[in-house]
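Chemist: Sharing a model that was predicted from the sequence below.
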Amino acid sequence: MDKLGLLLIAAFCAIQAIRTTNLLLSVLWLASVSALTSIVLFTLDAPQAAVIEISVGAGLVAVLLVFAISIAGEETLQDHDTLWKKILRRFPLITALLLLFWIILPLPETQPGVKDTATFSTILWEDRALDVLLQIVIIFSAVLSLLGLLADQKLPAAVQHHATPRPLDEATSLTEHVAIVEDEEPILEAERELV
Amino acid sequence: MNDEELTLLGVVILFGVGVYGLLLTHHLIKIVIALQIIGKAVIIAFAVAGTMSERVQLAQSLIVTIIVADTMVAVISLALVIQVKQRLGTLDARELSNLRR
Amino acid sequence: METNSVATLIALPLALSPAAYIVERLNRKIHPGWLALLILALAWGVLGVAAYEFDREGTLTYRVGMMQLQLDGLSLFACGAILTLGTLTVIYSLDYMAEEGAADKYYALVLLLLGTMMGLVCTRDLFNLWVWFEAMAISGSFLVAFYREQPASLEAGVKYIVQSALGSAFILLGIALVLAETGTLDLQEIAQLNQDSVMLWAVGGLFIAGFGVKMALVPFHTWLPDAHAQAPSGISALLSGLVIEVALIALLRALTCVAFSWGTLLIAFGVVNMLVGNLLALRQTQIKRLLAYSSLSQMGYMVFGIGVGIYAQTLDGFEGGLFHFFNHALMKGLAFLAVGAFIYSLETHQPLQISDLRGASRRYPYIALALSLALLGLGGLPPLAGFMSKWQIFAAGIAVHEPLITLLVIFAALNSVLSLAYYAPIINVLYSRQTQVEIEQGRAVPPLMGLSLLVLSGAIVVIGVYPGLLHGALEPAARVLLTAFGG
Amino acid sequence: MTAWLVGLTIGLPWLGALIVWRVPDHSPQRQHGIAVIASLLTAAVSIGLLTTYSTEVALRLHIGGIFGDFILVPDGLGVLLAAIAAIIGSLTVIFSVAYMEHEACLSRYYALVLIFIGTMAGLVLAGNLLLMFFFWEITALCSYALIAFDHDNPAAVAGGLKALVITQLGGIGLLIGALTAYGRFGTDEIAVLLARAETLSKTELSLIAFSFLIAAMAKSAQVPFHSWLPGAMEAPTPISALIHAATMVNAGVYLLARFYPAFEDVTGWTTAVMTVGIVSALLAALMALVANDLKRVLAYSTISQLGYMVFAVGAGGIFASQFHLLSHAMFKALLFLGAGAVIHSVGTRDIRQMGGLWRSMPQVTIAFIIGAMALVGIPGTNGFWSKELILERGVEDSSPVFVVGLLIGVGLTALYTLRLIWLVFGGTPRFSGQVHEAPSAMRISLGILAVGSLVTWLLVSPLSKMLAETLPYHHLHSETTRDVISDVMTAPITVLALGWVALGFLLWGFHHRLGWLIARLQLLSQIAGQDFGFEALNRVVMRSTSTLAERLRSTQTGELNWNIWGIVAGLVVILIYVAVEV
C-alpha cells in the first residue's frame, strides 16, 4: 500500500515535470521522481538498484539535462496552460530535500529473495555477464554517436566549396573542432564510472 | 488486491503519465524527461516482478542494465536535441515536422 | 553442442569495432572501411565453421554465466542474411562514404549494428534479447542522423530514437510481467512452463506493440519513412533490409513464451501493412521515401506468411515468410544501394525525386538495370527472387483451405499488382530517352559500388530461377519456428 | 534430342537477347543482324521440335521444397504454339529491320523481342503450373516494356502500365488456381491436375476453373478486361503483330484449351466461357466498326477473333479453337505488319487521313487484302476453314442464341473489314506527301505471311493427328483434311455464314444510301466509341485508388506527438483484441 502511495506521489511529480514551463524545475521534478523510485526500490528489497537509480537517475541524468539545457538555452514553450504553476513553483525543491532526507534515514533490513541463492554481485557479474558486456557495447555505441553528433560539421565538403559561405554559428576552424570534442570528455568520464 | 498488484497499478499509472507526456508535450527536452519517467516505471515493474517471483537479486541486476541503457538513450537524445537547437534554433517538436507524407 | 564459434561470430565485430574506430589515428594509411571488411571476412570464416558444426551436431550453444547463446537453424539463417547484406554494404560504403568524413565512427557503428543484430538472433534469454535490441537501436541512431547538418536528418533521428525508446519500454514492461509470472527468463524454460494466464496474454500484446515499432507494423510505422529515407543509402539498405526483419525474428522469439495463438493477429497486421504501405507509396515522388514505404508492404508479406504458419501450423508459412525476409534483404538492399549510386553520381544531398532519374539508363545502363531488377523483384514479378517467396507464402495460405484465408491471399496478390503501379513508373523514367542534364553530367560510379550491385542483382535472378538453392538453410530455420509455436 | 530442342527453343532467343543487349547503339547493323540470326535459328529449332512431339517430359529441373520440379513437356499443343511464336517472331524481327531502321535503343528493343519469343515458347511448353505462371508473367513484363518502349510518349507509358496492371490482375487468377491445385495435390504438374480433377471438391474445382477463366480473359483481352489491348497499340507495330495479335494474347485461349477436360463438368463453366467469347466477339466488332485508328481497328478485331476462339473452347471445339488460333496468328500478323508498312510510309495511324494507297503500294495492298479475306472468312483462305469449324461446333453444342450471335459477328467482321480496306486503300488519297512501296525486308515478311494465310489450312490432318496423339485427356480424334473439307462444305451453317458475309459486304456497298440506318445507329456507335463504358470504369477505379492513397498520406503528419498517438492507439487495439479473444 505504501508503495502505491509513493508511486502516486511519483506520478504527481512526473505530471509536474511535464507540465511546468520552467525547464530547470522540470528537471528537479524528474529528480524527485527518481528519488521516489529509488525509495520504492528500497522497499522492494533492491537496495543496490536503488542506489544506482538515485545516483544515475537523479544525479547523472539530471546533470546531463541541465548540461543540455545550458547549451541549448532555456526555451520555454507554452505547451498548455499551467493552472497549478504558481502554487507548485516552490514545491519541488522542498520535496526533493524531504525525499533526500528520507533516503538517508535508516531503512528496514532488506530480506534477500528466497529463490535467489546467489548474491546480487554474483548474479550481475557472473550469471548475467552477457548483459554487462552488452552494457559496454551500448555505452561504446552511445559514445561514438555522441562524438559523431556533437563533433564539428564535417570539414571536407566545407573545405572543398570555398564559394559557399558558411553560417557563422558553425565552428570555423580545426582548433575549435578539437575544442568541442574535448568538451565532451567530462561526460565520457562520468559514463566510464558507470561501468 | 495484494500489495504487489497495487504496486503494479502504481507502475502503470507512472508509465501512463510518461506516455501522457510524450503525447502532449512539444518540448524536446521534456520529451526526454517523459522517456525517463517511463524508464522509472519500468524499473519499478522489474523490482515488483523480482519480489513476486522471489528473484529480487536477479531483478536488481536487470535494473542496472536498464538504467544504463536508458541513460544512454537520454545521452543520445540530448545530443540530438542540442544539434536541433543549433541547426534549427528551436526546441519545439512541432518545428520538426517537415518530413511528412 | 557447446562451442566457441557462436560466441566468436558475435564477439568478432563487437570486440573489434573499437579497432575500426581508432585505426585511422594509429596509421593514416589504413582505412577503417577496409579493416571492417577484414573483420567481416573473418566473421564469414567463423560462420562457415559454425555452419559446418551445425550441420554435423545440430543446434550449437555457448554458455555465459547462466545465460546461453544458441545457434539454431533460425539464427544461422539470419546470421547468414545479416553478413551477406552487411558485407556488401561495407564494400559499397568504401567509395560511397569516402567523402563524407566520420569514417571511423561510421564503420565502427556499422560493425556494432551488425554484431548486435547477430547477437539478437542468437540469444536464448528474454531479457538479454531486449538488451541486444536496445544495443541495436542505439548503434543505429547516429547512422540515421548521419547527415547531422541537415535538419531533416536530425528530425528523423529524433523520431527514431524517441519512438524506439517508447517501443522498448513496452517490451520491458512485458518482460517484467513474464518474470513476475514465471520467475525465469530463459525462453525455452518459459515455453516449457506453458503458462496460460491472462497477464501473459497482455504481455504478448505489449511485445507486438514494442517490437512492432521497430518492425514498422502499421500504426507503429511512422518513424520508418523518415529514418530510412534520411540515412545514408548504405544504412538505409541495412535498416530496411535487415533491422526491421531482425526485429521480426526477435518478436517471434519473444512471443514463444506466451501460450496464445498469435496467428490471426499477425495475419491481420500483415494485410493492413501491405495495403497501407502500398497506398502510402503510391503517390510518393521521393524515391527513397517510396522505397521506405514499400518496406511496410513487404513486411506485411513476411508477417502474413508467418501468421499463416502460426495459425495453421504449416512449415510452408514460416518458410515462405523467412524466404521473403532473405529476398527482401537482397532486393531492398539492392534498391537502396542503386538509388545511392545515383545520389553519389549526382553529388546531391537533396532528396532524390523520381523525375531526377529521367533517362538514367543512357548514362548508367547497369545501375538502371540493377534498380529495375530490384523494383520488379519487389513487385513480385518472375523470374526474380521476390516472386518465389511470395508464391510460397501464398501457397501456404491457400493450403489452409479456409475461404477467408484464400480471400486474403487474393487480396495480397492484388496488393502485389497495386505495388507495380508505383514501381513501374520509376522504370519508365529510368528508360526515358530524354535525359536529365544533371544525370548526363554525373560522375562515374566506382567499381566497388558496382560490385555490390552486381552481386545483389545476380543473387536476385539466381534465386528467382532456382529457389531451391536456399531450401537447405530455410527449412531448419522454419522448423525452429514451427516447433517453437507448438507444431 | 527432344530435350535439346526444347531447351534451345527457349534458350536460343534468350542467349540472343543477352548478346544483342550488349551491342552498342552506334552499330545498328550488328543489332539487326544478331536479332535476325537468333530469331531464325529459333524458328528452325521450333520446326524441328514440331516433328518430335510427345507426351513425355523432355526436361526436368529439380528445384526442391515447395517448388517441386520445373518440367517442360513438348506435347502437340505446346510445340504448335511454340512454333507459331518462333516463326512469326522471326518474321517480325525481319520486318523490324526496315521498320525500326532509325529508332534509338534498338538493342533493348531486340533483346525484349527475343526474350519474349523464348518466354512464349516456355509458357506453352511448361509442364507445371508454377513454371507456366513464371513465363506467363514474363510475357506480360515484355509486353509492358515494349508498349512503353517510347518512354517519352505519355500515351505509351500509360498504355504499358495499363496492360501490365490488367494482365497482372488476371494473373492472380492463374496464381490462385495453381495454388489451389497445389494445395490439394501437393504438386502443380499440369498432367496431375488433368488426371485427378474429379478428386477435387466441387468448390475447389469451380474456384480453379473460374480463376483460370479470369486469367484467360485478362490475357486474351476479353470483355471486360479488354481495354488494355487498344491501349497497347502504342507499341511499335511489329510488336503489335507479334505480341498483341499472334502470340501472347493467345495464351488465354491456350490456357482454357489446355484445361478444358478438367473443367468441362464444372457447373456453368462452359456456358460462362461461351458467353464471354460471344460478348467479346460482338462488342469488339462493334467497336472496330467505329474506330478510326488503323491499329485500334485491328486490335478490336483481335479481341473479336479471340472471342471466337474462347467460344470454341467453351463449346468443346478444342481443335477448332487451336486451328483458328493458327489461322488468326497468320492473318492477323499479316494485317498488322501490312498496317505497319502503311503507317511507316504515311506517317499517321488515322484512317481518315489515308485512302488511295493501292496505287502507291500495290504489293502491300495485295498482302493486306489476303489477310482481310482470311479475317472475313472468304473461302480459300485459312480463316474460312477455321471459322467454319467453330460455327459448326457452335451449331452442334450450344443454344441457338449463341449461333445467332456468331452469325451477327461474322457479318460485322465483314462490315468493318471492308470499311477498313476502303478507307485505307480505296478512294482518293486524303493526305499530302509522297508515299513509297514498303522496303524489301518488310515485303519478305508480308509475302511469307500472305502465303501462310492461304495455305496453312492444308495442315489440318498432321495438326489434328498431333493434338489427338498427345492430349490424352481431351479425347480428340484426328481428322484428315478431306474430312474437314467435306464437313464444312456440307454443313448448312457454312452457307448461312457466307450469306451473312455477303450481307455485310452489301451493307457496306450501300452505306452511302443507308444514312438513315447509320443515324439510327449513332447512339450505339457513340457508346461503342467510348468502349461501352469500360474505359470509364477503369478510370473510376484508378481515380478512387489514388484519392484514397492521397487521403492516407495525410495521416503521415510528420509530428512526433501524432506518431506517439499512433503507437499508443495501436497498443490499445491489440490489448482490446487480446482481451476479447480471452
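Modeler: Received it, and whenever you're ready, just let me know what you need. Note that the coordinates shown come from a computational prediction; the quantities given were computed from them, not determined experimentally.
Chemist: Low-confidence regions, the stretch 401-550 of chain D specifically.
Modeler: The stretch 401-550 of chain D contains residues with pLDDT under 70 at D:511-521.
Chemist: do the same with chain C
Modeler: C:194-196, C:198, C:487.
Chemist: mind listing the strands for it?
Modeler: Ranges of strands within chain C are C:60-64, C:67-71, based on DSSP state E.
Chemist: Relative to chain D, which of the ones you listed is closest?
Modeler: strand C:67-71 (22.4 Å; CB to the nearest CB). In this view, the C-beta of every residue, glycine as well, is placed from N, C-alpha and C.
Chemist: can that closest one be found next to chain A?
Modeler: Yes - counting by CB under 8 Å from any CB of the partner chain, chain A has neighbours in strand C:67-71: C:Met67, C:Leu69.
Chemist: what does the domain assignment say about the chain?
Modeler: Answering for chain A, as no chain was given. Per the record, chain A has its domains at A:1-111, A:114-195, by automatic domain parsing.
Chemist: nope, chain D please
Modeler: Looking at automatic domain parsing, the domains of chain D come to D:157-529, D:537-581.
Chemist: If you count neighbours, what's buried in the longest helix anywhere in chain B?
Modeler: For chain B, the longest helix by residue count, based on DSSP state H, is helix B:56-88. Across helix B:56-88, burial judged by 16 or more other CB atoms under 10 Å in any protein chain shown covers B:56-87.
Chemist: and if you look at stretch C:351-370?
Modeler: Those would be C:351-352, C:354, C:356-365, C:367-370, for stretch C:351-370 by 16+ other CB under 10 Å.
Chemist: Would you single out the least confident of the domains of chain A?
Modeler: With a mean of 61, domain A:114-195 has the lowest mean pLDDT of the domains of chain A.
Chemist: Relative to chain B, how far out is C:Met331?
Modeler: As judged by CB to the nearest CB, to the nearest Å, C:Met331 and chain B stand 24 Å apart.
Chemist: got the contact list for that residue?
Modeler: For C:Met331, the contact set (CB atoms under 8 Å, 6 or more residues apart in numbering or on different chains) comprises C:Ala374, C:Gly377, C:Leu378, C:Leu384, C:Ala385, C:Gly386, C:Ile460.
Chemist: isn't the second one right next to C:Gly386, touching?
Modeler: It stands for C:Gly377. Yes - using CB atoms under 8 Å, C:Gly377 makes contact with C:Gly386 at a distance of 4.0 Å.
Chemist: hey, what's in contact with both of these two?
Modeler: If you check C:Gly377 and C:Gly386 against CB under 8 Å, 6+ apart, the residues they both contact are C:Asn327, C:Met331, C:Ile460, C:Gly464.
Chemist: Just those residues: which are in helices?
Modeler: Short answer: those in helices (DSSP H) are C:Asn327, C:Met331, C:Ile460, C:Gly464.
Chemist: most neighbours, which of those residues?
Modeler: C:Met331 (31 neighbours; other CB atoms under 10 Å in any protein chain shown).
Chemist: Which residue, neighbours along the chain excluded, lies closest to that one?
Modeler: C:Gly377 (4.4 Å; CB to CB, 6 or more residues apart in numbering or on different chains).
Chemist: Give me the number of neighbouring residues for that neighbour.
Modeler: 31.
Chemist: now the domains of chain D in TSV, with distance to chain B?
Modeler: As requested, those are arranged in TSV below (distance: least, CB to the nearest CB, whole Å):
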stretch	distance to chain B
domain D:157-529	22
domain D:537-581	3
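Chemist: Please work out which of those domains is packed deepest.
Modeler: domain D:157-529 (a mean of 21; mean count of other CB atoms under 10 Å in any protein chain shown).
Chemist: how far does it stretch from start to finish?
Modeler: End-to-end distance for domain D:157-529: 22 Å, by CA to CA, to the nearest Å.
Chemist: Same check on stretch C:90-104?
Modeler: For stretch C:90-104, the first-to-last residue distance is 13 Å (CA to CA).
Chemist: Could you do stretch C:138-156 as well?
Modeler: So stretch C:138-156: terminal residues 14 Å apart, CA to CA.
Chemist: Next one: it, is it in contact with chain B?
Modeler: Yes - judged by CB under 8 Å from any CB, stretch C:138-156 comes into contact with chain B at C:Ile138, C:Ser141, C:Phe142, C:Ala145, C:Arg148, C:Glu149, C:Pro151, C:Ala152, C:Leu154, C:Glu155, C:Ala156.
Chemist: For that stretch, buried residues please.
Modeler: So stretch C:138-156, judged by 16+ other CB under 10 Å, has buried residues C:138-156.
Chemist: can you tell me the helix or strand for residue 41?
Modeler: Let's take chain A. Under the criterion DSSP states H and E, the helix or strand holding A:Leu41 is helix A:23-43.
Chemist: Please refer instead to chain B.
Modeler: helix B:28-52.
Chemist: And for D:Leu389?
Modeler: helix D:382-397.
Chemist: Same check on D:Arg60?
Modeler: Counting by DSSP H and E, D:Arg60 is part of strand D:59-62.
Chemist: Can you spell out which helices and strands pack onto that strand?
Modeler: Contact partners of strand D:59-62 among helices and strands, from 3 or more CB pairs under 8 Å, 6 or more residues apart in numbering or on different chains; DSSP states H and E: helix D:2-21, strand D:69-72.
Chemist: Serialize those to TSV and add fields for mean neighbour count, distance to C:Gly277 and mean pLDDT.
Modeler: Below are those laid out as TSV (neighbours: other CB atoms under 10 Å in any protein chain shown; distance: least, CB to CB, whole Å; pLDDT from 0 to 100):
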stretch	mean neighbour count	distance to C:Gly277	mean pLDDT
helix D:2-21	21	33	92
strand D:69-72	21	31	90
